[in-house]
Structure formats: C-alpha cells, structure tokens
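Undergrad: Whatever this is, show me its structure:
(one chain, ligands or ions: 1)
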Amino acid sequence: MRLFSRITGTGSYVPPRRLTNADLAAQLAAQGVETSDEWIVERTGIRNRHFADDGVFSSDLALHAARNALEAAGRTAQDIDLIIVATSTPDMVFPSTACILQSKLGAAGGAAFDVQAVCSGFIYALSVADAMIRVGSATKALVVGAEVFSRLLDFQDRTTCVLFGDGAGAVVLEASEQPGILATDLHADGKHVGILCTPGHVANGHILGDPLLKMDGQAVFKLAVGVLEDAARAVLAKAGKTEADIDCLVPHQANLRIIQSTARKLKMPMDKVVVTVDLHGNTSAASIPLALDHGVRSGRIQAGQTALLEGVGGGFTWGAVLLTL
Ligand code: UT7
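TA: Got it, this is the predicted structure:
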C-alpha cells in the first residue's frame, strides 16, 4: 500500500498590533521618511501589517498558530512526532525555534528542527515533512511558518520597511492512505544571494556586518514572476495534472502585482486565488500558511479541492506544492 501525507488541520495567528499604511506613513514621517497609503497600495496591494511587541518571538506566534491547527485536526501536541518550523527570524542563534516551540507546546521526544529558505520556507518545510512521512520516519507532523520580520526592518529605508509584517501559520500533516500532497517542487539559485538578504552575523560577541534587510526590489520582482510560473508548471507535470485541475491558488503574499501576473499566466481568475497581502503584508515564511488557513476558514478552499501553493524568496529560493485538501 502506498503511503501519502495529508493536511488534517490548519491554523494561523497575527500579533494584535495592527498598523495601517496611514499609521506607518505617519510614524515614518516623524523620522523624516516619506511614503503614502496611495504609493503602497498601488505598487504592492498592502494595506495593513501586524507587528509583534518587544519580547514576543517567532516561537510565541508559532505557538498560537500551532494550537489552532492542532485543534482543527482534532490532535494534541502529544500526538505529534515531527515539528518543522520555517523561519528566518529564529528566537535564538540556536537551539532551533522548533525545539522552543516543542517545549512551549508541552511535548517532547519527536524530531524538531528549523528550515531556513526565507519566503519559500514553508514550501520547503512542507516538502520535507511530506517526504519524511512517505518514507515512514514520521506519522503526524506540525509544519509551521513563523516570522517577526519587523525586527529586521530598516525604518529609514522606505523601499523595504513598508512591505513586511509579522505572523505565523501552521498545518498538521498526517500519514494517510488517501493522497493529500500530490507533488512538490523545490529550487534555489545561490548566485542571487545579494538581491534579498540580511547580511549581518554574530562573531566574538558582536554583530558584524549589517543586520537589517536589504532588497533590490525590481530584480526580485522580475525573477519572482518567472520562477513562480516555472514552479507551477513543474509541480503540475510531476502530478500528471494541468492548470484546469487547480481549484485554488495559494501564492506567497509579497505583492498583489506578482500574484495577479502568476494567476494570468496560469489562466486562473482572481476569485480562485487567495489574497491576504492587503491584510498582513509580506510575512515571509508565514505568508503561505497564513493565506491557506484564511482560505480554509473563509470557505474559499473546501475539503476535496486541489490547491497549488507556491513561494519565492531570498536565496534565491522557490518552489511549489500541489495538494488535495
Ligand atoms: O518575499 C520575497 C519576495 N519579495 C518581493 O516579491 C518584492 C518584489 N518587488 C516588489 O514588490 C517591488 O519591486 C517594490 C514594491 C519593492 C517596488 O515597486 P516598484 O514598482 O518596483 O518601484 P521602484 O523600486 O521602481 O520605485 C519607484 C519609485 C522610486 O522613485 P523614483 O526613483 O521613481 O523617483 C522610489 O524611490 O517609488 C519610490 N518609492 C517609494 N515612494 C513612496 C520606493 N518606495 C517607496 C515608498 N513610498 N515606500
């Protein structure tokens, strides 16, 4: 008998402090940085973002999202034998945020580790969990994307600080005889490290280099629209499916224009696309599971439907997961 992995519950969480574009513009104006709601909406589709308060970490956001997903799946933390957290804003250099989350959930003994693929992190983490379940090394996994990207932002740089927010999303992925995840497709091209990075590092008790996010937005934009189409076509081909088989597209939420361009290329009307970029901004590894949970809880994605999840981000990394819910 062939073994598959299947999502049995989704969850998400954003911290309560919400900033509209106008709130952020007013805050930036006080520091001499000029932006506007009009510019942000027109270029990105973002209207709001949530920022975690000082002292709140990725593991705290992950904990809320994980509890949500466990409840939806009808499972407890004790049932879980694998935790993977996708994050580029871990609580500590080490140990992993997944281990910290495991302890906060009151569980122990299962495998727990982080995956770092920036905005593609959740797609990478879900693909790894799927592979581990299919070979029998885990039976019930918690796969989380959690970020406090606000901590990396340079609030003097208007080209990046208006784009990102904090949040977490999670799924419970279980071994199943019924197909859930149909195919996965992962890629990276390390020669583009410099177009989206936070280049600082810790050495000898100091932060060396720049610990704030840097992005060449136009270079990222151009690469993103190309690779998202490639990943979608590759994962469909692996699963023996076509565009017509997709009921719902759950893309990384970085920019509404990128999302619309991908939908156009896949000939998907926007009512089949989950869009949350207006609500949360770009939450990096959290953006796809946040959007997935939003789609499920709003009834946009129904049980039995086929969803295409796809992400792109720093590295440069990209990938897609095709699944039946
Ligand atoms: O999660 C990883 C994936 N990340 C992404 O997908 C991001 C991809 N890139 C983008 O989404 C877009 O490139 C941005 C939203 C970052 C920028 O949009 P753009 O249409 O490429 O704008 P631009 O960089 O060409 O800038 C246009 C103008 C510039 O002014 P000038 O030189 O034309 O006078 C910028 O200085 O907009 C100016 N500008 C701003 N104005 C007001 C840049 N940021 C702002 C701002 N407010 N926040």
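
Undergrad: Buried residues in the strand or helix carrying A320, which are they?
TA: Under DSSP states H and E, the secondary-structure element containing A320 is strand 317-324. If you call a residue buried by 16 or more other C-beta atoms under 10 Å, then strand 317-324 has these buried ones: 317-324. In this view, the C-beta of every residue, glycine as well, is placed from N, C-alpha and C.

Undergrad: got the residues of this protein near the ligand?
TA: For the chain, the residues in contact with the ligand (C-beta under 6 Å from any ligand atom) are 35, 39, 43-44, 119, 158-159, 162, 217-218, 220-221, 224, 254-255, 258, 282, 312-313.

Undergrad: The chain - how does it break down into domains?
TA: 4-178, 182-324 (automatic domain parsing).

Undergrad: In a markdown table: these, plus mean pLDDT.
TA: Converted to a markdown table, these look like this (pLDDT from 0 to 100):
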| stretch | mean pLDDT |
| --- | --- |
| domain 4-178 | 98 |
| domain 182-324 | 97 |
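
Undergrad: In the stretch 101-250 of the chain, which residue sits closest to the ligand?
TA: With C-beta to the nearest ligand atom as the measure, the residue in the stretch 101-250 of the chain that lies nearest the ligand is G217; the distance is 2.8 Å.

Undergrad: and the nearest residue to that residue once chain neighbours are set aside, how far is that from N21?
TA: The shortest distance from G217 to any residue other than its chain neighbours is 6.0 Å, reached at T159 (C-beta to C-beta, 6 or more residues apart in numbering). The span separating T159 from N21 equals 15 Å under the rule C-beta to C-beta, to the nearest Å.

Undergrad: More neighbours: which of these two?
TA: Each of T159 and N21 has its neighbours counted (other C-beta atoms under 10 Å); N21 has more, 21 against 13.

Undergrad: so what's the backbone phi/psi at T139?
TA: When quoted as degrees, to the nearest 10, the phi and psi of T139 stand at phi -120, psi -30.

Undergrad: Hmm, A175 and it touching each other?
TA: Yes - using C-beta atoms under 8 Å, T139 and A175 qualify as a contacting pair, with a distance of 4.7 Å.

Undergrad: which neighbours do these two share?
TA: The overlap between the contact sets of T139 and A175 (C-beta atoms under 8 Å, 6 or more residues apart in numbering) consists of I133.

Undergrad: Please enumerate the strands of the stretch 101-250 of the chain.
TA: Defined through DSSP state E, counting those that start in this stretch, the strands belonging to the stretch 101-250 of the chain, from first to last, are 111-115, 140-148, 166-176, 181-188, 196-197, 201-203, 206-208, 214-215, 248-251.

Undergrad: Taking strand 140-148 as reference, get the angle to the first one.
TA: With axes from the mean of the first three to the mean of the last three C-alpha atoms, to 10 degrees applied, the angle from strand 111-115 to strand 140-148 works out at 40 degrees.

Undergrad: what's strand 111-115 packed up against?
TA: strand 82-86, helix 97-104, helix 121-134 (3 or more C-beta pairs under 8 Å, 6 or more residues apart in numbering; DSSP states H and E).

Undergrad: Same question for it: list its buried residues.
TA: With burial defined by 16+ other C-beta under 10 Å, the residues of strand 111-115 counted as buried are 111-112, 114-115.

Undergrad: Could you identify the longest helix within the chain?
TA: Looking across the chain with DSSP state H, the single longest helix is helix 217-239.

Undergrad: Please put the alpha-carbon coordinates of that helix into PDB.
TA: What follows is helix 217-239, C-alpha atoms only, in PDB (Å, rounded to 0.1, in the frame of the first residue of the first chain):
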ATOM      1  CA  GLY A 217      13.000  45.100  -5.400                       C
ATOM      2  CA  GLN A 218      13.000  45.200  -9.100                       C
ATOM      3  CA  ALA A 219      15.500  42.300  -9.500                       C
ATOM      4  CA  VAL A 220      13.400  40.200  -7.100                       C
ATOM      5  CA  PHE A 221      10.200  41.100  -8.900                       C
ATOM      6  CA  LYS A 222      11.500  40.100 -12.300                       C
ATOM      7  CA  LEU A 223      12.900  36.800 -11.000                       C
ATOM      8  CA  ALA A 224       9.800  36.000  -9.000                       C
ATOM      9  CA  VAL A 225       7.300  36.300 -11.800                       C
ATOM     10  CA  GLY A 226       9.400  33.900 -14.000                       C
ATOM     11  CA  VAL A 227      10.100  31.200 -11.400                       C
ATOM     12  CA  LEU A 228       6.600  31.100 -10.000                       C
ATOM     13  CA  GLU A 229       5.200  30.200 -13.400                       C
ATOM     14  CA  ASP A 230       8.000  27.600 -13.900                       C
ATOM     15  CA  ALA A 231       7.400  26.000 -10.400                       C
ATOM     16  CA  ALA A 232       3.600  25.800 -11.000                       C
ATOM     17  CA  ARG A 233       4.100  24.100 -14.400                       C
ATOM     18  CA  ALA A 234       6.700  21.700 -12.900                       C
ATOM     19  CA  VAL A 235       4.600  20.600 -10.000                       C
ATOM     20  CA  LEU A 236       1.600  20.100 -12.200                       C
ATOM     21  CA  ALA A 237       3.600  18.000 -14.600                       C
ATOM     22  CA  LYS A 238       5.000  15.800 -11.700                       C
ATOM     23  CA  ALA A 239       1.500  15.200 -10.500                       C
END
